[in-house]
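J.: Here is my input, please return the structure:
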Amino acid sequence: MRISLLRNGKRSPIFNSMKYQETTRMVTISVEPIFLEDDSEPEKGTYVWAYHITIANDGYETIQLISRHWKITDGMGRTQEVRGEGVVGEQPTLQPGESFEYTSGVPLQTPSGFMGGSYEMISAVGERLNIMVPTFSLDSPYEAHTVN
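T.: As a prediction, the model looks like this:
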């Protein structure tokens, strides 16, 4: 399905994917990947996706996101791992019932791939939590079949 995204005051065609969700220790992670047609250059082997993530604290205690770990695999099976503090420059603290949303992006050299990973969080009492991010498919209209 193709939809439009308003970028810099003009409509930009994009390729809409599905939404993925996983719950670990009463923290729900939802991911929606979106292929960015205007940012991709297939003739140069550059394919770009945005992914919108919602982190919802469905539990009873306050938690803080400390770090992230991603495994990104392209359509040729090449995998890279990315680790870092926080997300988009933040280490959000979530009270029970609160959520945090952000959008980031990932480029690949193939028209499809997938990624997934985890967030390290810490509870108000100092317990470290490994919260899984569901593995999600990075599909584009340039691939005859989907990866996931």
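J.: does E43 sit in a helix, a strand or a coil?
T.: Following DSSP: H, G, I helix; E, B strand; the rest coil, we place E43 in the helix state.
J.: Near it, how many other residues are there?
T.: Close neighbours of E43, defined as other Cβ atoms under 10 Å, add up to 6. Just so you know, the C-beta spots here come from the backbone N, C-alpha and C atoms, and that holds for glycine as well.
J.: Please renumber the chain so that the first residue is 31 from this point on.
T.: Fine by me, first position is 31 from now on; the one you just mentioned is E73.
J.: What pLDDT is listed against it?
T.: Per-residue pLDDT puts E73 at 95.
J.: Okay, it and G105: tell me how far apart.
T.: Using Cβ to Cβ, to the nearest Å, E73 is found at 17 Å from G105.
J.: What of Y90?
T.: Distance, Y90 to G105, by Cβ to Cβ: 42 Å.
J.: Tell me which of those two has more neighbours.
T.: Comparing Y90 with G105 by neighbour count (other Cβ under 10 Å), the higher total belongs to G105, at 18 against 8.
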